[in-house]
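A.B. asks: need a 3D model of the sequence below.
(one chain, ligands or ions: 1)
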Amino acid sequence: MSDKLFSVSDQNVLITGGSRGIGRAIAEGFAARGARVLICSRSQDSVDTAVREMTAAGLSITGLTCDVSHPEQIRTAVEKAIEQLEHIDTLINVAGVNRRQRAETFTVEDFDFILDTNLRGAFLMSLEVGRHMIERSSGTQINVESLNTWMPLKGVLPYAMSKFGMQGMTRGLALEWGRHGIRVNSLAPGFVLTDLTKKLWADPTMQAWNEANAPLGRLAQPEDMIGTAVFLASQASAFMTGQTLYVDGGFSSGWSWPIPLV
Ligand code: NAP
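C.D. replies: Just a heads-up that it's a prediction; the model follows:
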């Protein structure tokens, strides 16, 4: 039996960063539940590959290129998305980049590279789609934050700042747009195996650290993010807005001692 409360089958969904990793898994998760999904990312190749593979699997999915660090590309992409889909019910801001180094070594170029995609890009995308949702008096937006929103990790300061900013944006837009029938929430993944992180997690020291500290005892797969994204887009979360849901295997619940318990 399909449950209408959790259904996204009548939705048109736009997903930035939908060609790989978490965005792609979420795109597949929505399409597999009957949603019409449009993904975008910077590289034509990665969009084409994702669309080809998902279409071959029988999913309803289209794609276009859009680098969210370029405001004019956001405007064009949203125009095309509305042309293709007629309207957008749910926007999911997944596109994100990172650089890991000591705080004092970050340059203006590093800072702009990270913030222009993770924060300014998501903000301008939210506004562009938000204006369309305001006209329709309906819509849902989901922003992909990080465990860094809860507590910054050493070595990724501009990234952590971008995710803190994204949480502010989620709350602020929720406040302003609730009266337009638009809900804005965030999904904050823990440690997920993707292109962004696979080099880091190939290190045995990192693996041992995760094994010792992860409450659920494993890294996440991108598919672990689907359920929460579907929930936040569906009627099941109809009275939730401005919230960040951590999908982190328990990491944000607290700390662990480095010695065994007696
Ligand atoms: P990923 O595997 O590197 O995928 C990133 C996706 O974003 C790709 O589709 C990429 O495609 C697209 N993208 C990157 N920059 C873009 C831009 N300027 N404009 C449009 N698309 C862009 O990364 P991921 O691990 O799935 O991460 C996805 C999101 O989850 C990010 O926001 C990240 O901060 C967040 N997150 C990840 C983890 C983790 O452990 N992996 C944990 C917490 C949060 P193109 O290369 O074609 O542009």
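A.B. asks: and residue 14, that one's in a helix?
C.D. replies: No: counting by DSSP: H, G, I helix; E, B strand; the rest coil, one finds residue 14 to be strand, located in no helix.
A.B. asks: please list the residues of the protein that sit near the ligand.
C.D. replies: 16-17, 19-23, 41-43, 46, 66-69, 94-97, 117, 121, 144, 146, 189, 191-192, 194-197 (CB under 6 Å from any ligand atom). C-betas here are computed from N, CA, C, even on glycine.
A.B. asks: of the residues you listed, which belong to helices?
C.D. replies: Using DSSP state H, 21-23, 46 are the members of the residues of the chain next to the ligand that sit in helices.
A.B. asks: report the distance from the helix or strand that contains residue 208 to the chain centre.
C.D. replies: According to DSSP states H and E, residue 208 maps onto helix 204-213. Relative to the mean C-alpha coordinate of its chain, helix 204-213 is positioned 25 Å out (CA atoms, centre = their mean, to the nearest Å).
A.B. asks: what segments of the chain are helices?
C.D. replies: Under DSSP H, the chain gives helices at 21-32, 44-56, 71-85, 108-115, 122-136, 157-177, 198-201, 204-213, 226-233.
A.B. asks: out of those, deepest packed?
C.D. replies: helix 21-32 (a mean of 24; mean count of other CB atoms under 10 Å).
A.B. asks: who does that one touch, helix- and strand-wise?
C.D. replies: Helix 21-32 is packed against strand 12-16, strand 36-41, helix 44-56, strand 90-93, helix 226-233, with contacts defined by 3 or more CB pairs under 8 Å, 6 or more residues apart in numbering; DSSP states H and E.
A.B. asks: per-residue pLDDT, residue 1?
C.D. replies: What the model reports for residue 1 is a pLDDT of 54.
A.B. asks: residue 114 contacts residue 162, correct?
C.D. replies: Yes: contact criterion CB atoms under 8 Å: residue 114 and residue 162 qualify, at 5.8 Å.
A.B. asks: what do those two both touch?
C.D. replies: Among the neighbours of residue 114, none is also in contact with residue 162 (CB atoms under 8 Å, 6 or more residues apart in numbering).
A.B. asks: re the thing from before, export the helices and strands packed on helix 21-32 as TSV, with columns for mean pLDDT.
C.D. replies: Shown next, in TSV, are the helices and strands packed on helix 21-32 (pLDDT from 0 to 100):
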stretch	mean pLDDT
strand 12-16	98
strand 36-41	98
helix 44-56	98
strand 90-93	99
helix 226-233	98
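A.B. asks: mind putting these in a markdown table, distance to residue 262 included?
C.D. replies: Putting the helices and strands packed on helix 21-32 into a markdown table (distance: least, CB to CB, whole Å) gives the following:
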| stretch | distance to residue 262 |
| --- | --- |
| strand 12-16 | 48 |
| strand 36-41 | 50 |
| helix 44-56 | 50 |
| strand 90-93 | 46 |
| helix 226-233 | 36 |
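A.B. asks: just to check, residue 138 is in contact with residue 178?
C.D. replies: No: judged on CB under 8 Å, residue 138 makes no contact with residue 178 at a distance of 12.0 Å.
A.B. asks: need the contact list for residue 4.
C.D. replies: residue 235.
A.B. asks: repeat the analysis, applying 7 Å as the threshold.
C.D. replies: If a contact means CB atoms under 7 Å, 6 or more residues apart in numbering, then residue 4 has no contacts.
A.B. asks: look at it and report its pLDDT.
C.D. replies: pLDDT at residue 4 comes out at 95.
A.B. asks: name the nearest residue to residue 120, ignoring sequence neighbours.
C.D. replies: residue 69 (7.3 Å; CB to CB, 6 or more residues apart in numbering).
A.B. asks: what's the neighbour count on the one you found?
C.D. replies: 20 (other CB atoms under 10 Å).
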